[in-house]
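sequence and predicted structure are below.
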Amino acid sequence: MPVIPRSTLSIPPRQRKEIPRATLLELKESIRDNTLLHAPVVQQSGPDTYILVAGERRTRAIDLLAEEGLPFIYNQNSVLPGYIPVVLLDEALNDIQKAEIELA
């Protein structure tokens, strides 16, 4: 399970423009109280930089936890505030395959 500093992850402008705050707060509480079920999917864009491919709501809910200094559990491991577990996307995927993952 790769865990990266949240500061190394950017959300491309093609992602959602607005997510209702109530939805994010509900997801934040679920992650805090239960666990993160699926890590966001990212693609490495440089030596220490990543671009979000799928999981914007989860990423933003994790940001809310970090703002409060709260850790959370993913895959039976504690994740410290300011970090995010990720699934690294295979660089061999073409643009159509990446778009399909974004929509899923």
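Received the coordinates, thanks.

any residues touching stretch 19-36, and which ones?
Outside stretch 19-36, the residues that touch it by C-beta atoms under 8 Å, 6 or more residues apart in numbering are 56-58, 60-62, 64-65, 70, 72-74, 79, 85. Heads up, the C-betas are built off the backbone N, CA and C, glycines and all.

out of the residues you listed, grab the one that's most surrounded.
Ile62 (30 neighbours; other C-beta atoms under 10 Å).

so is that residue in a helix, a strand, or just coil?
Under DSSP: H, G, I helix; E, B strand; the rest coil, Ile62 falls in the helix class.

can you name the residues bridging to the nearest residue to it once chain neighbours are set aside?
Spatial nearest neighbour of Ile62, excluding adjacent residues (C-beta to C-beta, 6 or more residues apart in numbering): Ile84 at 5.5 Å. Applying DSSP bridges to Ile84 gives these bridge partners: Ile4.

ok, Ile84 - contacts?
Counted by C-beta under 8 Å, 6+ apart, Ile84 has contacts Val3, Ile4, Pro5, Arg6, Leu9, Ala39, Pro40, Thr59, Ile62.

quick one, which of those are buried?
Buried members of the contacts of Ile84, counted by 16 or more other C-beta atoms under 10 Å: Ile4, Arg6, Leu9, Ala39, Pro40, Thr59, Ile62.

per-residue pLDDT, the fifth one?
Think Pro40. We have a pLDDT of 94 for Pro40.

correct me, but it touches Arg60?
No. Using C-beta atoms under 8 Å, Pro40 is not in contact with Arg60; the gap is 9.9 Å.

measure the residue lying closest to Asp63 once chain neighbours are set aside to Ala22 for me?
Of all residues not flanking Asp63 in the chain, Arg6 sits nearest, at 6.8 Å (C-beta to C-beta, 6+ apart). Plainly put, Arg6 is 22 Å away from Ala22 if you go by C-beta to C-beta, to the nearest Å.

and the helices in the chain?
21-33, 56-67, 95-103 (DSSP state H).

identify whichever of those lies nearest to Ser45.
For the helices of the chain, proximity to Ser45 was assessed by C-beta to C-beta; helix 95-103 is nearest, at 12.5 Å.

so where is the protein shaky, pLDDT-wise?
14-17, 90-104 (pLDDT under 70).

all set, thanks.
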